[in-house]
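> build me a model:
(3 chains)
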Amino acid sequence: MPARTDSLVVVTELSSAKKLTLEFYARPVLTVAQECIGKVLVHRTAEGETAGRIVEAEAYRGPEDRAAHSWRGMTPRTAAMFGPPGRAYVYLLYGVNWAFNIVTSSEGQPHAVLIRALEPLRGVELMTQRRGQRAMARELTNGPGKLTQALGITGADYARDLCGDELFLEDGLAGRIGRSRRINVEPAGEVWAARPWRFYERGNRYVSVLPRD
DNA sequence: ACGAAGATCGACT
DNA sequence: GTCGATCTTCGTA
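Next up is the predicted model:
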């Protein structure tokens, strides 16, 4: 009986993807951002499960990074960035779009990875319903606000523990990784805008903006 | 209280 | 590629 149970556990682990644990997130933000490429973001709700491969991500390293929301210190909105790693920092942008970030590093260091694009993987039909798009449309998940809509991520997920069962990352493989400056952070000044802190999978059609350098 | 700015999106040319 | 919508957040008074 014990032997049989053990073998079943092994089979289960081999047949299902491995959920990433705190050790993945509690590392320098640039490391986490680069390694996020190819990993699978999963969201489970009452409507069902949706999941996609991460194909574009950016590192934000406040308070010194002027492009980061945390550069002026903690505010009610940015509190989650200053909290423990392995949690979600979700914020509303331009009044209508939610953006999803992963808090990294260690508590007190306001570092986070913005997820900018996904390649749809599971629950594609649900994504098309939420987005009002065709199943193969690039527009399904090729932007920070689009992917949160497709996966049903909102302010209700603020500070959610990514080691739980609702919102988490699974292991996955990446193709060739490209690197460039971040998107739409020019107001932060050229010094910070020029940092090559954006990572993406080369040649993937879901990457939001073609590299400028 | 007020006002300016914003890690975007979708429609349109 | 350009452009306007839209509304929360936060700094300043």
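
> show the average pLDDT along the helix or strand where A:A51 lies.
For A:A51, the enclosing helix or strand under DSSP states H and E is strand A:48-61. Taken as a whole, strand A:48-61 has a mean pLDDT of 97.

> near DNA strand C, which residues of chain A?
Chain A comes close to DNA strand C at residues A:R72, A:G73, A:T75, A:P76, A:R77, A:T78, A:Y91, A:L92, A:Y94, A:G95, A:V96, as judged by C-beta under 7 Å from any atom of the strand. (C-beta placed from N, C-alpha, C; glycine too.)

> tell me how far the strand holding A:A51 lies from the chain's centre.
How far strand A:48-61 lies from its chain's middle: 3 Å, per C-alpha atoms, centre = their mean, to the nearest Å.

> do that strand and DNA strand B meet?
Yes - using C-beta under 7 Å from any atom of the strand, strand A:48-61 comes into contact with DNA strand B via A:E58, A:Y60.

> what about the residues of chain A next to DNA strand C, which one has the most neighbours?
With neighbours taken as other C-beta atoms under 10 Å, the top of those is A:T78, carrying 21 neighbours.

> relative to DNA strand C, which residue of chain A is the closest?
Taking C-beta to the nearest atom of the strand as the measure, chain A has A:G95 as its residue closest to DNA strand C, at 2.2 Å.

> please report how far that residue lies from A:Y60.
Distance of A:G95 to A:Y60, computed by C-beta to C-beta, to the nearest Å: 21 Å.

> and for A:T50?
Distance, A:T50 to A:Y60, using C-beta to C-beta: 25 Å.

> and the lowest mean pLDDT element among the helices and strands of chain A?
Least confident helix or strand of chain A, by mean pLDDT, DSSP states H and E, is helix A:2-15 with a mean of 48.

> quick one: low-confidence ranges for chain A?
Residues of chain A meeting the criterion pLDDT under 70: A:1-15, A:211-213.

> and the helices in it?
For chain A, the helices defined by DSSP state H cover A:2-15, A:22-25, A:29-36, A:124-131, A:144-151, A:190-193.

> and the second one, what does it pack against?
Helix A:22-25 is packed against helix A:29-36, with contacts defined by 3 or more C-beta pairs under 8 Å, 6 or more residues apart in numbering; DSSP states H and E.
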